[in-house]
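Student: Need coordinates for the below:
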Amino acid sequence: MTEQEAEGRKGERREEKGGTASEGRDLSQEPGPFSSLLSPFSSPSLRLSLLASRLSPRVPSWLGRDLRLLFAGRGLRSISQSYLAVIVPLYLAHLGYGPVRIGVFFTVGAVGSMTLTAAVGVLSDRFGRKPLLVLLGVLTALCGLVFVATQRFAILLVAAGIGTIGRGGGAGSGGAFGPYAPAEQALIAEHAGDRYRTHAFGMVAVVGVLSAALGSLLATTPTLLHRTMGVSDLTAERGLFLLTAVLGLAMSVVVLPVSEAKRAVRMPGARRLHKRTRHVLIRFLVTNATNGLAVGMLGPILVYWFHVRYHATSGQLGTLFFLANIAAVPSNLAAARIARRLGAVKAIVTARLVSVVLLAGMAVMPSFLLAGVFFLLRTQANTLSAPIRQSFLMGVVDAADRSTAAGLSNLPLQAFSSVGPTVAGQLMQMAWVSLPLEIAAVLQGVNAVLYFLFFRNIVPPEERELAP
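Tutor: Residues are numbered from 1 along each chain as shown. Below is the predicted model of the structure:
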C-alpha cells in the first residue's frame, strides 16, 4: 500500500469519527444555516429566561393599558368600600345609634347612591365617562374627611348620601356597584370589545374581590389596635376614614390617562335612546325592581345582623369578609367559560337560584361558624352571575347608550334598596332578627324567574357569533 493510499484511508477514518462525534455535540456550535436559530439555547442564562417566561402568567392580548388603569381604579375603590362596609355600621353602633337609626342612615345613603348612579349614567354618555370617574373619586375623598371631622348624625347623613360611604362594598362585590359603575362598565366594554367583554368583566371582578379582601383585613385593625395598644374603636375607625380620603384621590389620578372614544352627537329632536336599548332597558327595570328590596335588606344590614345575632366583632367580620372575597375569585375567573357553555341567561339564573337556597339556610344557622360557611358558599354563587350580568347588558344595548343603560337599569334596584335598610331594621327590632334574610331570599327567587322569562330569547353578539 502506497503512502498516499494510507493517508487517504486515515483521512476517511477521521471523517467517520468526526461525523459520529458530531451527533453528540451541540449543533449550535457548528456554523450553518440553523446556527442563528439554535444559538439562544446554548446559553444557560437564556435557557433559564425562556423557562421563566413559560412558567410566568401571560398577559392576555386584550388587556391593554387603558383596561389595566381601569382595573387599578377598581382595585383602589374596592379596598375602601370593603372595609367601610364593615366599619360604618359598627362605627354608628359605637356612637350609640340603634338599628332603626342605622337603617335610616343607610336608606339616605342608598337614595344618594341611586341619584348619583342615574345622573352619572346619563351624563357619561353626553359629556364623557372618564371625567365622571375623576369627579366621583374627589367626592369620596371629601366625604371621607367629613367622617373624620364630625360625629353629628345629620352631617354624616349628607356625607353618606353624596360620597356613598358604606355602600357598594358587600362581600364578593369588589366595588362593582354604585355611581362609578355606569361610567366604568361602559369604558371596560369599549376597550375589551364583544369577543373579550365577559373575560374583561370577570378579570376586573377578580381584581375587585382581591382588593376587597385586603380591605376586609384592614377592617380588623380597630380590634387589633384596641387589644394591643388600647386605642379606642372610634379613634381607629376614624383612621380608616382618613385612608378613604387618600384612596379617593388616588382613584381620580389613576384614571386620568385612560383614553375614550368620541361619540357621535345626536341631532336635535332625535330619540335619546336607541330602540334596541329601550326594549332591553324596560325589562331590566322590572327585574331589578324585584331585586332591589332584597338587596336593601342585605348589604350593610347583613353586617349588623351578624353583630346582633352572633355578637360578631369587627375582627371576626373582617376575617369573614376577607374569606368571602377570596372565595369569589374562582367564580369570577370561571364566569366567561360558564357563560360560553350555558349561555349568559341560563348561567345567571342558575347561579341566582343556588344563592337563594343558601341565603335561606344561612338565616337559620345556630352558630356564627355555620352561618359563615353558608355565607361563603352563597358569595361564590352570587358573584358568579355579576360579571355575566354586567357584560350581558353592555352587549345587548347600543354602544352609545351603555352608560345610560347601566345607570337607569339599576335605578329601581337602588330605589327599592333605599327602603330596604329601614324595613329590615324595623323587622329585626319588632319581629325576628333573621326575618329580613328570609324575605330577601324569596324576593331574589322571584327575580331569577323573571330574569329567565324576560331574557331567554335575547342573545348577546358573542353568542350569535358562536351559533351554528
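
Student: Please make it C-alpha for all contacts and neighbour counts, starting now.
Tutor: Noted.

Student: Let me see the contact set for Asn332.
Tutor: Gly202, Met203, Ala205, Val206, Thr383, Leu384, Pro387 (C-alpha atoms under 8 Å, 6 or more residues apart in numbering).

Student: From those, pick the one nearest Ser417.
Tutor: Within the contacts of Asn332, the smallest distance to Ser417 is 18.4 Å, found for Thr383 (C-alpha to C-alpha).

Student: name the element the closest one belongs to?
Tutor: helix 368-396 (DSSP states H and E).

Student: which parts of that helix are buried?
Tutor: Under the neighbour-count criterion of 16 or more other C-alpha atoms under 10 Å, helix 368-396 has 368, 371-396 buried.

Student: Also stretch 319-336?
Tutor: Taking 16+ other C-alpha under 10 Å as the criterion, stretch 319-336 shows 319-329, 331-333, 335-336 as buried.

Student: Looking at the residues you listed, which are in helices?
Tutor: 319-329, 331-333, 335-336 (DSSP state H).

Student: Just give me the closest of the residues you listed to Gly193.
Tutor: The nearest one, if we look at these relative to Gly193 and count by C-alpha to C-alpha, is Ala336, at 13.9 Å.

Student: Go ahead and confirm that closest one touches His199.
Tutor: Yes: between Ala336 and His199 there is a contact under C-alpha atoms under 8 Å: 5.4 Å.

Student: the helices in the stretch 51-200 of the chain, which residues?
Tutor: 65-94, 99-127, 129-149, 153-163, 180-192, 197-218 (DSSP state H, counting those that start in this stretch).

Student: Switch those helices over to JSON lines; also include distance to Thr404, mean neighbour count and mean pLDDT.
Tutor: JSON lines is the format used below for those (distance: least, C-alpha to C-alpha, whole Å; neighbours: other C-alpha atoms under 10 Å; pLDDT from 0 to 100):
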{"stretch": "helix 65-94", "distance to Thr404": "19", "mean neighbour count": "24", "mean pLDDT": "87"}
{"stretch": "helix 99-127", "distance to Thr404": "4", "mean neighbour count": "23", "mean pLDDT": "79"}
{"stretch": "helix 129-149", "distance to Thr404": "11", "mean neighbour count": "21", "mean pLDDT": "89"}
{"stretch": "helix 153-163", "distance to Thr404": "20", "mean neighbour count": "20", "mean pLDDT": "81"}
{"stretch": "helix 180-192", "distance to Thr404": "7", "mean neighbour count": "23", "mean pLDDT": "86"}
{"stretch": "helix 197-218", "distance to Thr404": "18", "mean neighbour count": "27", "mean pLDDT": "84"}
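
Student: Leu136 against Tyr180, yeah?
Tutor: Yes: counting by C-alpha under 8 Å, Tyr180 is a contact partner of Leu136 at 7.1 Å.

Student: What about Val449, how many residues nearby?
Tutor: Using other C-alpha atoms under 10 Å, Val449 has 15 other residues around it.

Student: Likewise for the one 5 residues further on?
Tutor: Phe454 has 16 neighbouring residues, counting by other C-alpha under 10 Å.

Student: Check which helix or strand it maps to.
Tutor: Per DSSP H and E, Phe454 falls inside helix 435-455.

Student: hang on, isn't Phe241 packed against Gly144?
Tutor: Yes: here Phe241 reaches Gly144: they are 5.1 Å apart, a contact under C-alpha under 8 Å.

Student: re the thing from before, can you pick out the most distant pair from the buried residues of stretch 319-336?
Tutor: Thr319 and Ala336 (28.3 Å).

Student: ok so, going back, the helices of the stretch 51-200 of the chain: which one's closest to Glu438?
Tutor: In terms of C-alpha to C-alpha, the element of those nearest to Glu438 is helix 99-127, at 17.8 Å.
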